[in-house]
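> need a 3D model of the following:
(one chain, ligands or ions: 1)
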Amino acid sequence: MFTRLREDISSIIDRDPAARNAWEVLTCYPGLHAVVMHRISHACWGWGLKWLGRFISHLARGLTGIEIHPGATIGRRVFIDHGFGVVIGETAEIGDDCTIYQGVTLGGTSLSKGTKRHPTLERGVIIGAGAQVLGGFTVGAGAKVGSNAVVVKEVPPGATAVGNPARVVRKEEQRDPREQAAARMFAAYGVTPNGDDPLSKALHGLIDQAAAQEHQLEVILAALRSAGIGCEKLEELDKFDAAGLNKLVE
Ligand SMILES: CC(C)(COP(=O)(O)OP(=O)(O)OC[C@H]1O[C@@H](n2cnc3c(N)ncnc32)[C@H](O)[C@@H]1OP(=O)(O)O)[C@@H](O)C(=O)NCCC(=O)NCCS
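Down below sits the predicted model:
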């Protein structure tokens, strides 16, 4: 239990630029309190103590403004930031490392009991403030949902969906490699770090160009060697670390 609490706290410090230290997170973050109380209510629900589960969830709602049905399944390091007005339905499933902002509903559109009525968020999904995700479909791993979007159908992994009804504005393969790398890490508020900074863009462009040229040279040298043209006199250089440099200029 303490291991999970520790990883929850450090994941919040990693993801919220406003978080200053573990004590502050432990005492002042309603999203953390809601997730911890949900673990207890979910366990009660699983043990058949349905009323107790509902009651703990009700207390958590009063304390945090976040309503999570005890039947919902929540993975590790899920961060509900600010959280006020978040509603998570009974059959919702939230994968590890997801981030949910205030005012989000993971809700249903069907009244039929015993069916999967609420969405599944795969690993690392980010749901922007006020977004409504309604139905028993899946939001793919690493996808982002814009603030105030109303999502009524599946979102592919890595895609960005915005608007009402939500439409996919960007698919994983349309992101440049730097954005894909950033998405594999965490982008606070779902936004690519320094995405609009022209100097940063220029540096990333130069690094990517240098990496592409290094690759071309490797191909040319391999072709020369296989044609029997020796290149032994060429000095051996260190491998160009494009990923490391891209990280440095972020
Ligand atoms: C959706 C989001 C993740 C996109 O971030 P991004 O990957 O950097 O994408 P961009 O900002 O380049 O936007 C892509 C397109 O979607 C549009 N867009 C972005 N967010 C939008 C939103 N919430 N609603 C409608 N359109 C939106 C942009 O205008 C842009 O359109 P264009 O291609 O026609 O210019 C981000 O804008 C967002 O809403 N994050 C949630 C932030 C949040 O909830 N913060 C709460 C903090 S308390």
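
> low-confidence ranges in the chain?
173-188, 192-197, 250 (pLDDT under 70).

> for it, what lies in contact range of the ligand?
Applying CB under 6 Å from any ligand atom, one finds that the chain approaches the ligand through 82, 101, 128-129, 144, 146-148, 160, 162-163, 169, 189-192, 195. Just so you know, the C-beta spots here come from the backbone N, C-alpha and C atoms, and that holds for glycine as well.

> report the distance from the longest helix that the chain contains to the chain centre.
Secondary structure assigned by DSSP state H gives helix 198-226 as the longest helix of the chain. Relative to its chain's centre, helix 198-226 lies at 30 Å (CA atoms, centre = their mean, to the nearest Å).

> returning to that earlier point: now list the buried members of the residues of the chain next to the ligand.
Buried by 16 or more other CB atoms under 10 Å: 82, 101, 128-129, 144, 146-147, 160, 162, 190, 192, out of the residues of the chain next to the ligand.

> hmm, Ala36 is touching Ile9, no?
To be clear, residue 36 is Val; Ala isn't right here. No - judged on CB atoms under 8 Å, Val36 makes no contact with Ile9 at a distance of 10.5 Å.

> those two - which one has more neighbours?
Between Val36 and Ile9, counted using other CB atoms under 10 Å, the more crowded position is Ile9 (20 against 15).

> for that one, give me its contacts.
The contact partners of Ile9, taken as CB atoms under 8 Å, 6 or more residues apart in numbering, are 22, 25-26, 32.

> give me the secondary structure label for the residue nearest to the spatial centre of the chain.
Nearest to the geometric centre of the chain sits Gly124, at 3.0 Å (CA atoms, centre = their mean). At Gly124, secondary structure determined by DSSP: H, G, I helix; E, B strand; the rest coil is coil.

> brilliant, that's me finished.
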